[in-house]
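[1] Got a sequence here, can you build the structure:
(2 chains)
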Amino acid sequence: MKPDTHVKIGNIVMKNPVMPASGTFGIELKELLDFNKLGAMLPKSITYKPKEGNPPRRIIETACGMLNAVGIQNKGIHYFLEHELEEYENFSSPLIISISGYSTEEFIEMVKLLHKRESVSGIELNISCPNLAVGGESFGMDPVATYDIVRAVRRHTDKAIIAKLTPNVGDITLIAKAAQEGGADAVSLINTVTAMAIDIKTRKPVLGNVTGGLSGPAIKPLAVRMVWEVANTITIPVIGVGGIMNANDAIEFIIAGASAVQVGTATYVTPAIMEEIITGVEEYMITYNVNSIEELRGSIIFDSSDNSCS
Amino acid sequence: MKDSIGIVISNEYLSDRYYKIRLKCDEIAATIKEGQFVLFRCSDGNDPLLRRPFSVYRYFPEKGELEFAYLLKGRGTELMTRLKEGDQVKILGPLGNYFQIDQDTKGIAVLGRGVGIASVAVLAESAALEGLYSLAVLSGRNKESIIGRDFLEEAGCEVIGINDQDQNSGVENIRSILVSKIKEGLIQQLYSCGSNRMGRLVKELSEEYNLDSYISFEEYMACGIGVCKGCTCKTNDGYKTVCHDGPIFSIKEVEL
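    Alright, predicted model coming up:
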């Protein structure tokens, strides 16, 4: 029998727990990936006004990962709604829109605009992108600011609201709790880890923005730990993200407590990797006789008989 | 655009730090055009993680084969040198836009520097084979770093190799070579890759002599298809992606 892979995030019913991580998914992928197979679609973050993005160089590969400082280059929400949204409407998977703003007002305006669109199932609040000099970061690094922003947008929509959390904080569970109390339907974590690289020949920072966000397999253990901590702290669903390269990685996050997962950097390496992950999760469930994602979620086992200190 | 498998036919050392790999890959060989590129998966593991972009050096659609010339530069290309006949590699392509020659153009010049030669050589070859006058100005740090001379000459190109060691690779020398050809009426379009210095020369000459010219950019890339906005260049119209809006841009629209 086919296992039950569906999951619920707020009022979104996903047929499987796999969706893209913001910033790594766009309409250009449609030739290489079957969007209808995804648990949800989640295009790149948009801002209220158009944003030029950061000066080059914007990316650099590091050991088992990559650093990026793209700076949310996008044409603004009005352009998105007029020209880009309809492209996603050709696909059946639920659509979640990631938004980032410089102020509470901008977040509210964007949520109001998205609320009117039937094809939008959910909104992810990018309150953690480490690349913006102003805005973004300040919300996600402070529990009070996180509570306030979630609560402010909550009033304007009954669509699912997901708060994307930054790992660049002392205690991520405090931020997660604040998002839950503010009325978020779910949290996704982790966003990229603030990092930098220096060219030793020129002694200059490699990235035009000096610092950037580290993603890829290098950050996966950090993400698993934080997902585990947050899932033990809050009651709303946790979406695990950070270095997921294959189905095994996705399953690890679910066992740690994630209801769903986001896949980012891996799509750059293999554009159709999310299809492979969806199939791989199903195969695991069959092999290990797991009936539903809910049964697998948070099923981590602590063996009390094993007292080794390794 | 397909995420495809290429089978290695040969992988040989050319000269200096340059290598050439030949792959069998029907679906990409059938559709790729001059100036387009592929993303090459250099290893199955997580390090190096990202794919590497390579412009098509030569292609043979009737045989379903492609060649890429590459510069041994880091871990990714070092792993590529180890590929042997029969090995399978993942390649995503064809990607980006391609070189075009205007209908009324009677002759072109390509300017390639270093591994940039690998991007423009195929255009010079195709132009010559179509009966156009085709000049290839190939520049490198030494004589050995000039690749492609053999097949370009065979196709009927005029090849001028210049290099730093012989001290003839300066912009003024290239300018005087090009100006005389332009004044003779041999060249109506210029195509450049691999050097901003040469790119600026192409820009100047194109303005001076009203030539419709193009530059192909090399950049570090992640997705290769325009999603991540990681590989950008500055244009008159803001940042554009090298992988998706380019890699070829009109010389008029770019800042060098």
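
[2] Identify the residue nearest A:A40 in space, chain neighbours excluded?
    For A:A40, the nearest residue in space outside its immediate sequence neighbours is A:M19; the separation is 3.9 Å by Cβ to Cβ, 6 or more residues apart in numbering or on different chains. Bear in mind the C-beta positions are built from the backbone N, C-alpha and C, glycine included.

[3] for the longest helix along chain A, the distance to its chain's centre please.
    Counting residues, the longest helix in chain A under DSSP state H turns out to be helix A:273-287. Helix A:273-287 has its C-alpha centroid displaced from the chain centroid by 20 Å (Cα atoms, centre = their mean, to the nearest Å).

[4] after that helix comes which helix or strand?
    helix A:293-296 (DSSP states H and E).

[5] Contacts for that following helix, please.
    Surrounding helix A:293-296, the residues in contact under the criterion Cβ atoms under 8 Å, 6 or more residues apart in numbering or on different chains are A:D4, A:T5, A:H6, A:V7, A:P17, A:I251, A:I254, A:I255, A:S259, A:A260, A:M285, A:V290.

[6] who in the stretch 51-200 of chain B is up against chain A?
    For the stretch 51-200 of chain B, the contact set with chain A under Cβ under 8 Å from any Cβ of the partner chain comprises B:R51, B:K90, B:L92.

[7] Buried ones among these?
    Using 16 or more other Cβ atoms under 10 Å in any protein chain shown as the burial test, these include B:R51, B:K90, B:L92 as buried.

[8] Assess the claim that the first one and B:L92 are in contact.
    Translated: B:R51. Yes - in this structure, B:R51 sits in contact with B:L92. The criterion is Cβ atoms under 8 Å, and the distance is 6.7 Å.

[9] Which residue is the nearest non-sequential neighbour of A:S22?
    Counting by Cβ to Cβ, 6+ apart, the nearest residue to A:S22 once its immediate chain neighbours are dropped is A:S98, at 3.9 Å.

[10] Tell me which residues touch that neighbour, please.
    Residues counted as contacts of A:S98 (Cβ under 8 Å, 6+ apart) are A:S22, A:G23, A:L42, A:P43, A:K44, A:S45, A:I46, A:I123, A:E124, A:L125, A:N126, A:K164.

[11] Could you report the separation of it from A:T47?
    Computed as Cβ to Cβ, to the nearest Å, the A:S98 to A:T47 distance reads 10 Å.

[12] So what would you say the end-to-end distance of stretch A:282-293 is?
    With Cα to Cα, to the nearest Å as the measure, the ends of stretch A:282-293 fall 10 Å from one another.

[13] Sorry, wrong one. I was asking about stretch A:14-31.
    In stretch A:14-31, first residue to last residue: 22 Å (Cα to Cα).

[14] Now for residue 201: which residues touch it?
    You didn't pick a chain, so chain A it is. A:K201 touches nothing, counting by Cβ under 8 Å, 6+ apart.

[15] let's do chain B instead
    B:L201 neighbours (Cβ under 8 Å, 6+ apart): B:L111, B:V171, B:I174, B:R175, B:L178.

[16] Provide the backbone phi and psi angles at it.
    Here is the backbone geometry of B:L201 (degrees, to the nearest 10): phi -60, psi -40.

[17] how near is it to B:I177?
    Using Cβ to Cβ, B:L201 is found at 11 Å from B:I177.

[18] and if you look at B:K2?
    In this structure, B:K2 and B:I177 are separated by 40 Å, where distance is defined by Cβ to Cβ.

[19] before we move on, what about B:E153?
    With Cβ to Cβ as the criterion, B:E153 and B:I177 are 17 Å apart.

[20] So which helix or strand of chain A has the lowest pLDDT on average?
    Least confident element among the helices and strands of chain A, by mean pLDDT, DSSP states H and E: helix A:137-140 (a mean of 75).

[21] about what we covered before: what residues are shared contacts of B:R51 and B:L92?
    The contact lists of B:R51 and B:L92 share B:L39, B:G224, where a contact means Cβ under 8 Å, 6+ apart.

[22] Would you confirm that B:S192 belongs to a strand?
    Yes - membership of B:S192 in a strand is supported by DSSP: H, G, I helix; E, B strand; the rest coil.

[23] On the strand side of things, show who it bridges to.
    For B:S192, the residues forming beta bridges with it (DSSP bridges) are B:L111, B:I215.

[24] ok, it touching B:L211?
    No - judged on Cβ under 8 Å, B:S192 makes no contact with B:L211 at a distance of 11.5 Å.

[25] who's more crowded, these two?
    Set B:S192 next to B:L211 and count neighbours by other Cβ atoms under 10 Å in any protein chain shown: B:S192 wins out with 30 against 20.

[26] circling back to that earlier point, counting only strands, which of the contacts of B:L201 make the cut?
    Cross-referencing the contacts of B:L201 with the strands (criterion: DSSP state E) gives B:L111 as the overlap.

[27] is it true that B:V8 lies in a helix?
    No - under three-state DSSP, B:V8 sits outside any helix and is assigned strand.

[28] Mind listing what's buried along stretch A:148-157?
    Counting neighbours by 16+ other Cβ under 10 Å, one finds that the buried residues in stretch A:148-157 are A:I149, A:V150, A:R151, A:A152, A:V153, A:H156, A:T157.

[29] Oops, could you answer that again for stretch B:11-21 instead?
    By neighbour count, with 16+ other Cβ under 10 Å as the criterion, the buried positions of stretch B:11-21 are B:N11, B:D16, B:R17, B:Y18, B:Y19, B:K20, B:I21.

[30] Check stretch A:66-75 too.
    For stretch A:66-75, using 16+ other Cβ under 10 Å, the buried residues are A:M66, A:L67, A:N68, A:A69, A:V70, A:G71, A:I72, A:Q73, A:N74.

[31] near chain B too, which of those residues?
    Intersecting the buried residues of stretch A:66-75 with the surroundings of chain B, defined as Cβ under 8 Å from any Cβ, gives A:M66, A:N68, A:V70, A:Q73.

[32] Can you lay out the residues you listed as CSV showing distance to B:F68 and secondary structure?
    Conversion of those to CSV gives the following (distance: Cβ to Cβ, whole Å; DSSP: H, G, I helix; E, B strand; the rest coil):
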residue, distance to B:F68, secondary structure
A:M66, 23, strand
A:N68, 26, strand
A:V70, 27, coil
A:Q73, 29, coil
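
[33] Pull the most distant pair out of those residues.
    Greatest spacing in these, by Cβ to Cβ: A:M66 and A:Q73 (16.6 Å).

[34] re earlier: looking at the ones next to chain B among the buried residues of stretch A:66-75, which is nearest A:Y79?
    Ranked by distance to A:Y79 (Cβ to Cβ), these are led by A:Q73 at 12.3 Å.

[35] Assign B:S180 to helix, strand or coil.
    Following three-state DSSP, the label given to B:S180 is helix.

[36] One more: A:G53?
    Using three-state DSSP, the three-state assignment for A:G53 comes out as coil.

[37] How many neighbouring residues does B:A69 have?
    Neighbour tally, B:A69, other Cβ under 10 Å: 22.

[38] Next up, the contacts around it.
    Applying Cβ under 8 Å, 6+ apart, one finds that B:A69 lies in contact with B:L14, B:Y18, B:Y19, B:K20, B:Y57, B:V115, B:I117, B:A118, B:A121, B:I147, B:G148.
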